[in-house]
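Colleague: Give the three-dimensional model of this entry:
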Amino acid sequence: MNPIDQLRDIHLPASPGWWPPAPGWWVIALLGTVSAVWIFRVILNRRKGRLKRRLAISALHNIHPDESGLYTIGDVSKMWRIVKTLIRDEFGNQFVTSPTESEFRQFMQRTFDSNNFPDTAVWNALATAHYKPNLEIDAGFLKEFLIDWCRTHRSDVVADRLRPQVISQ
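Modeller: Prediction:
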């Protein structure tokens, strides 16, 4: 008898199944899930921010002058409330409740993307208009400025960079 005839066929092991995946695939799946959730949240937050801007602009457009073509103190106060609500939603309370007029002006100027920012005298009149019994400013200019600010302000600026800077001597 031939010894080669006594050999058995070579049997290959069974091919590995697709489940459960190797540990590396679990890590990739976890990273993919975390990335997808993060991207979804970023997109959702941007949509919320744009919605808040659109609502603020719409509310500002809905404020109309009276029959004589003038805005009342109540209208000017509404305009400021709308913008301050938008600021509070995007940047937090620290820029709405506590700052002085000059700090608030610096904040508005740093977040504004245009060169059409009012000069100091006009800004002071704008900032204090809702406290005065008779308006000494063109509230239409205020309305257009606030609408322009709502459209173009930079909400991506980090709030820490916007705090008034203290100059040490």
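
Colleague: Same question for whatever helix or strand Arg46 lives in: list its buried residues.
Modeller: Arg46 belongs to helix 23-61 when elements are defined using DSSP states H and E. Buried residues in helix 23-61, counted by 16 or more other CB atoms under 10 Å: 52-53, 56-57, 59-60. Where you see a C-beta, it was placed from the backbone N, CA and C, and this is true even at glycine.

Colleague: Could you export these as TSV, including pLDDT and distance to Asn116?
Modeller: Formatted as TSV, the buried residues of helix 23-61 follow (pLDDT from 0 to 100; distance: CB to CB, whole Å):
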residue	pLDDT	distance to Asn116
Lys52	88	22
Arg53	89	18
Ala56	91	18
Ile57	92	17
Ala59	92	21
Leu60	91	16
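
Colleague: ok, so of the residues you listed, who is nearest Thr152?
Modeller: Of all those, Thr152 sits closest to Arg53, with 9.7 Å by CB to CB.

Colleague: who's in contact with the nearest residue to that closest one once chain neighbours are set aside?
Modeller: Nearest residue to Arg53, sequence neighbours excluded (CB to CB, 6 or more residues apart in numbering): Cys150, at 5.5 Å. Residues near Cys150 by CB atoms under 8 Å, 6 or more residues apart in numbering: 53, 56-57, 60, 83, 86.

Colleague: how does it look with 10 Å?
Modeller: Residues near Cys150 by CB atoms under 10 Å, 6 or more residues apart in numbering: 52-60, 82-83, 86-87.

Colleague: For the residues you listed, give me a markdown table that also has distance to Ala139.
Modeller: Output for the contacts of Cys150, formatted as a markdown table (distance: CB to CB, whole Å):
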| residue | distance to Ala139 |
| --- | --- |
| Lys52 | 23 |
| Arg53 | 21 |
| Arg54 | 22 |
| Leu55 | 21 |
| Ala56 | 17 |
| Ile57 | 17 |
| Ser58 | 18 |
| Ala59 | 15 |
| Leu60 | 11 |
| Ile82 | 13 |
| Val83 | 13 |
| Leu86 | 19 |
| Ile87 | 19 |
